[in-house]
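*Asks:* sequence first, predicted coordinates after that:
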Amino acid sequence: MSGKLETRILKDLPPSAILPIYQSAGWWKEDYGLEFLSQIVRESFSFAATFDGEKLVGIGRALSDACSDAYIQDVAVLPEYRGKGVGSQIIKALIEDLQKHGVDWIALVGEPGTEAFYEKLGFKAMDGYIPMRYTAADRPEK
């Protein structure tokens, strides 16, 4: 780390800056195209970016109806910056921005093994609920 880490809420960010983070998280598919990365910044309700000087080192975003519910997703940090508080800064910035807009129900689906990280930030497993993903489009027609 070269200096103080700064997290900001943004609506625009060069896709070339985001690409290394998506690649390091294993989320990048070549057929996405760079416009995809611009669109997720513009179209997210809230997009947080953490910088070390001019270098983008972490991102996260929230999807919301802008009045009550939100889901945090795509939180990723460059490997060499993990364990240094970047992820926490991103989550806190997203929560603050959501609450500033009156959104009071905030959820996320974390990867296995991230429970302790999110619990320290105020999240807890929702008893009686299971996260699910629509996959019918991934299956061939019968």
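*Replies:* Cool, got the structure. Given the structure is predicted, the values throughout are model-derived calculations rather than measurements.

*Asks:* quick one, phi psi at the residue nearest the centre of the chain?
*Replies:* Taking Cα atoms, centre = their mean as the criterion, residue 60 is the residue nearest the geometric centre of the chain, at 2.4 Å. When read as degrees, to the nearest 10, the backbone of residue 60 gives phi -170, psi 160.

*Asks:* how about residue 12?
*Replies:* Dihedral pair for residue 12: phi -150, psi 140, per degrees, to the nearest 10.

*Asks:* name the residues of the lengthiest helix in the chain that are buried.
*Replies:* As assigned by DSSP state H, the longest helix anywhere in the chain is helix 86-100. For helix 86-100, the neighbour count (16 or more other Cβ atoms under 10 Å) marks 86-91, 93-95, 97-98 as buried. (Each C-beta comes from the backbone N, C-alpha and C, glycine too.)

*Asks:* returning to what we had before: how much space is there between the residue nearest to the centre of the chain and residue 124?
*Replies:* Residue 60 sits 19 Å away from residue 124, taking Cβ to Cβ, to the nearest Å as the criterion.

*Asks:* quick revisit: among the buried residues of helix 86-100, which one lies nearest to residue 32?
*Replies:* Residue 32 lies nearest to residue 90 out of the buried residues of helix 86-100, by Cβ to Cβ, at 21.4 Å.

*Asks:* tell me who's in contact with that closest one.
*Replies:* Contacts were defined as Cβ atoms under 8 Å, 6 or more residues apart in numbering; by that measure residue 90 touches 7, 48, 50, 58-60, 75, 77.

*Asks:* okay, it: pLDDT?
*Replies:* Looking at residue 90, its pLDDT is 98.

*Asks:* can you tell me the closest non-neighbouring residue to it?
*Replies:* Closest residue to residue 90 in three dimensions, ignoring its sequence neighbours and counting by Cβ to Cβ, 6 or more residues apart in numbering: residue 60, at 4.0 Å.
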